[in-house]
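>>> compute the structure for the input listed below.
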Amino acid sequence: MTELTVREHDESKAQAVVSNVLAVSIKGKGPFKSAQMIADEHLARHGDVEKAVQKVIATHTRLVGMSGFATGLGGLLTLPITVPTDVGVFYMQASRCAAAVAHLRGYDLDSDEVRSIVAMTTLGASGVAIAAEFGVDLGTRAAVAALKKVPGRVLIDINKKVGFRLVTKAGTTGVVNLTKLVPLVGGGVGSSVNVVGMRSIGRYATRNFPVA
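Residues are numbered from 1 along each chain as shown. Model prediction:
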């Protein structure tokens with residue numbers, strides 16, 4: 001393939017990673033509950049939005065800390081997300097956690113802008129840096145409004161940048177370059193690192209989706 005064709009292939013792969021994972025984490029699939037369902041269940045159980053937010057984060061932290069946390073997700077493990085299964089599932093859990101926090105705090109999960117912020121949230125500081133490249137300051141309610149003012153192509157470019165943080169070329173398949181991701185983790189790293197990673201994502205979620 002020519003250099004341009006390779007670049008286009010990589011961009012397509014990066015965008016597919018984000019699109020597929022966000023679709024499942026926000027809308028749910030099979031036994032994997034949607035972000036709204038998880039959020040509503042916690043709100044009904046605890047009766048307070050901020051307590052529900054903290055419990056959502058705690059629940060996802062516990063899930064990724066469990067041995068074999070990918071077990072039981074059935075068809076999710078065959079999704080064409082072009083990253084190793086354990087990392088892909090961690091990213092889905094992280095995205096769902098961030099999306100559930102957004103929903104609890106009144107953000108519209110059907111909004112492309114909100115979904116882009118969810119994706120950037122899972123990258124922690126790297127996500128904040130990506131937003132800054134496009135003149136968007138995450139951590140304020142104005143961030144969604146700012147993203148609404150940019151052309152649709154810009155949102156696509158933002159999602160591609162998120163995808164590129166997850167996927168690097170290794171022959172003909174995509175792998176995750178964990179040394180460049182904070183706080184994403186993957187296979188062979190251990191549940192304690194998964195826990196630290198999810199807690200960090202939870203903190204970014206509460207920051208990037210502030211209370212009105």
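>>> identify the residues contacting the residue nearest to the spatial centre of the chain.
The residue lying closest to the centre of the chain (Cα atoms, centre = their mean) is S95, at 3.1 Å. Taking Cβ atoms under 8 Å, 6 or more residues apart in numbering, we find S95 in contact with 21-22, 25-26, 35, 118-119, 122. C-beta coordinates here come from the backbone N, C-alpha and C atoms, glycine included.
>>> and with 10 Å instead?
18, 21-26, 35, 60, 115, 118-119, 121-122, 201, 205 (Cβ atoms under 10 Å, 6 or more residues apart in numbering).
>>> next SSE downstream of the one helix or strand it maps to?
Assessed by DSSP states H and E, S95 sits inside helix 85-104. Next in sequence after helix 85-104, counting helices and strands by DSSP H and E, comes helix 112-121.
>>> ok, now how distant is T140 from I117?
11 Å (Cβ to Cβ, to the nearest Å).
>>> more crowded one of these two?
Regarding T140 and I117, a neighbour count based on other Cβ atoms under 10 Å identifies I117 as having more, with 25 against 13.
>>> spit out the contact partners of the residue nearest to the more buried one when sequence neighbours are not counted.
Here the nearest residue to I117 in space, its sequence neighbours aside, is N208; by Cβ to Cβ, 6 or more residues apart in numbering that works out to 5.7 Å. By Cβ under 10 Å, 6+ apart, N208 lies in contact with 98, 101-102, 107, 117-118, 120-121, 124, 127-128, 131, 138-140, 143.
>>> repeat that with 6 Å
Contact analysis of N208 by Cβ atoms under 6 Å, 6 or more residues apart in numbering lists 117, 121, 138-139.
>>> now S25
S25 neighbours (Cβ under 6 Å, 6+ apart): 92, 95-96.
>>> just those residues now: which is nearest N159?
S95 (12.0 Å; Cβ to Cβ).
>>> and that closest one, what pLDDT?
pLDDT recorded at S95 is 94.
>>> same check on M66?
75.
>>> for the contacts of S25, give me CSV that also has distance to K51.
Listed next are the contacts of S25 as CSV, based on distance: Cβ to Cβ, whole Å:
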residue, distance to K51
M92, 24
S95, 22
R96, 19
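>>> and the residue nearest to I117, backbone torsions?
phi -80, psi -20 (degrees, to the nearest 10).
>>> if you rank the contacts of N208 by neighbours, which is first?
T121 (29 neighbours).
>>> quick one: it from V21, how far?
13 Å.
>>> please apply the same query to G139.
In terms of Cβ to Cβ, G139 sits 23 Å off from V21.
>>> check K27 too.
Using Cβ to Cβ, K27 is found at 11 Å from V21.
>>> skipping its backbone neighbours, what lies nearest H103 in space?
A39 (4.4 Å).
>>> which is the next helix or strand following the helix or strand encompassing the one you found?
If you go by DSSP H and E, A39 is part of helix 35-46. As assigned by DSSP H and E, the chain's next helix or strand after helix 35-46 is helix 49-65.
>>> what residues of that following helix count as buried?
Buried residues in helix 49-65, counted by 16 or more other Cβ atoms under 10 Å: 49, 52-57, 59-61, 63-65.
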